[in-house]
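> Sequence below, structure please.
(one chain, ligands or ions: 2)
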Amino acid sequence: MSENVVILAGGQGKRMKSELPKVLCKVLEKPMITWVTDACENAGFENICIVKGYAAEKLEEYLGGRFETVLQKEQLGTGHAVMQAEEFLKKDPDSDTLVLCGDAPFIDSATIRSSLDFHRSEENDVTIVTAELADPVGYGRIIRNGNEVSAIVEQKDATDEQLEVKEVNSGCYWFKTSSLLETLDKLSPQNAQGEYYLTDCIYLLVEQGKKAGAYKSENPSIVLGANDRRGLLKLNDTARMEVIGKHLDRGVEFTCTDGVIISPEVEIGSSTIIRQGVILRGETVIGSGCDIGPNCIIENTSVGNNTILNNVQSYDAEIGNNVKIGPFVQIRPDSRINDGAKIGDFVEIKNSTIGEKTSVAHLTYIGDSDVGANVNFGCGVVTVNYDGENKFRTEIGDNAFIGCNTNLVSPVRIGNEAYTAAGSTITGNVPDGALAIERGKTVIKDGYAYKKLKKRTEKFEKEKQNKNIK
Ligand code: UD1
Ligand code: CA
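Ligands and ions are numbered 1, 2, ... in the order given. Modelled structure (predicted):
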């Protein structure tokens, strides 16, 4: 027997004013639905069915077939959404079912697990995960009868007295699957919003003498959801400081937190300094003793220890230990910068390996290249890797010296210890230890400039005289 998970993700979120399903709105650069699926998977529940609806194809495209989905053609409410998963639930009716809202991203795996333990030990037919909020406006209120719950009342249907209740519904529930299936059939849209409310299952179960309980979380953020852009920004603010707090506890130093956005999965070693304007996203891992920022975007990149990144953007790359990069550098996908390398201002590196202790100090483009160790690049080197149709690789051996303003027309190999003369456009391979010069020789024309100057002076004098006569 394995537990079922149903995640509700059909709503448009009209107030977001977005073309996308609401659950694709991002918190810390990660769509809300993925926060929820990650929490389920981390809790060990992988039998997941997602209810899609508004802009379903956009959601499918994002999910990329990773989960079973069902379509809710019309968005008639949360209860109606769960009805669409009936076939999925009937496959395993003797188990328990977890229902979650895809727009409440902070539900965590520990809460999911311990609420199931509670649900089972209490032998509940339904257990609602709840929390107390200082400002409960907008959420369903938990109506208690001692330790048990008698109903959930939505904001729009609540009496003044019920609106005083601070304990709210997180939108996360454990049901006995058979009880859920029986009750879904009984839902009706007789309420202020004319919707089939999932929350009505609670009083319907209680009416039949079944048992409803609440698992109250100590952490009020688990209930937070976003219904509009203001709410989404609030979630981002909350999550941002929570993630930064976690890194502070692990010994990461933040000079300030302005503009710092760190996705939840990112790992950072102790004694690393994070400066303003640093955005770390995706599967990024930063070692210890690094100095990152100001103003960096580091995405799906691993960075070693004691590395300095100042005004750097890096995507899908690997950066080693004791590397110094920046300012104003872009490292593009499939690049590897090895230990001790130095990449200076206005350099772009794409799909290339840069060897240990190699220095690329200024104004250089290195694309589709394999560069050895201890290579020195002068200012303004360009690998000419694309002929308009095909791309070719450039190979540079260890200890080579590439003169200023060299073009390396690929495919080309510069040998170990080889030199290229400044201003050369190198079109053929250079053997180990050789110097390649591929540029015009200097031609001297003695006195040429003086003659030119004399002519110009004479012309100017003539013009002046003509004017005076008039
Ligand atoms: C719901 C709960 C409320 C709870 C709150 C927690 C109901 C009736 N109310 O309210 O008690 O405090 O969540 O966040 O359940 N959805 C569908 N199809 C639909 C309607 C909604 O898939 O027809 C999805 C939405 O995409 C969303 C989730 O269900 O992910 C919740 O829907 P929403 O309309 O935001 O419910 P709330 O009003 O927030
Ligand atoms: Ca909501």
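
> Sketch out the low-pLDDT regions of the protein for me.
Counting by pLDDT under 70, the chain contains low-confidence ranges at 1, 470.

> how does it divide up, domain by domain?
Residue ranges of the domains in the chain are recorded as 3-223, 229-436, according to automatic domain parsing.

> Adding distance to residue 456, write those out as TSV.
Backbone N, C-alpha and C define where each C-beta goes, glycine included. Written out in TSV, the entries for these read as follows (distance: least, Cβ to Cβ, whole Å):
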stretch	distance to residue 456
domain 3-223	62
domain 229-436	30
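
> any chance you could map the strands in the stretch 351-470 of the chain?
Taking DSSP state E, counting those that start in this stretch to define them, one finds strands in the stretch 351-470 of the chain at 353-354, 359-367, 369-371, 376-377, 382-384, 394-396, 401-402, 407-409, 412-414, 419-420, 425-426, 435-436.

> Which strands or helices does the fifth one pack on?
Using 3 or more Cβ pairs under 8 Å, 6 or more residues apart in numbering; DSSP states H and E as the contact test, the elements touching strand 382-384 are strand 359-367, strand 407-409.

> now the longest one, how far from the chain's geometric center?
What that stands for is strand 359-367. For strand 359-367, the distance between its averaged C-alpha position and the chain's averaged C-alpha position is 28 Å (Cα atoms, centre = their mean, to the nearest Å).

> and it, which residues are buried?
When burial is assessed from 16 or more other Cβ atoms under 10 Å, strand 359-367 yields the following buried residues: 359-360, 362-367.

> any idea which of those residues is closest to ligand 2?
Distances from the buried residues of strand 359-367 to ligand 2 were compared by Cβ to the ion; the smallest belongs to residue 367, at 46.3 Å.

> Nearest to ligand 2 within the chain, name that residue for me.
residue 225 (4.0 Å).

> hang on, the earlier thing: can you lay out the buried residues of strand 359-367 as CSV showing distance to ligand 1?
Formatted as CSV, the entries for the buried residues of strand 359-367 read as follows, by distance: Cβ to the nearest ligand atom, whole Å:
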residue, distance to ligand 1
359, 52
360, 48
362, 51
363, 49
364, 48
365, 46
366, 46
367, 43
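
> that older thread, can I get the domains of the chain in CSV with distance to ligand 2?
Putting those into CSV (distance: least, Cβ to the ion, whole Å) gives the following:
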stretch, distance to ligand 2
domain 3-223, 5
domain 229-436, 9
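
> list the contacts for the nearest residue to residue 275 once chain neighbours are set aside?
Leaving out its chain neighbours, the residue that sits closest to residue 275 by Cβ to Cβ, 6 or more residues apart in numbering is residue 293, at 3.0 Å. When contacts are counted by Cβ atoms under 8 Å, 6 or more residues apart in numbering, residue 293 touches 255, 273-278, 309-310.

> so which of the strands of the stretch 351-470 of the chain comes closest to residue 80?
With Cβ to Cβ as the criterion, residue 80 lies closest to strand 359-367 of these, at 53.1 Å.
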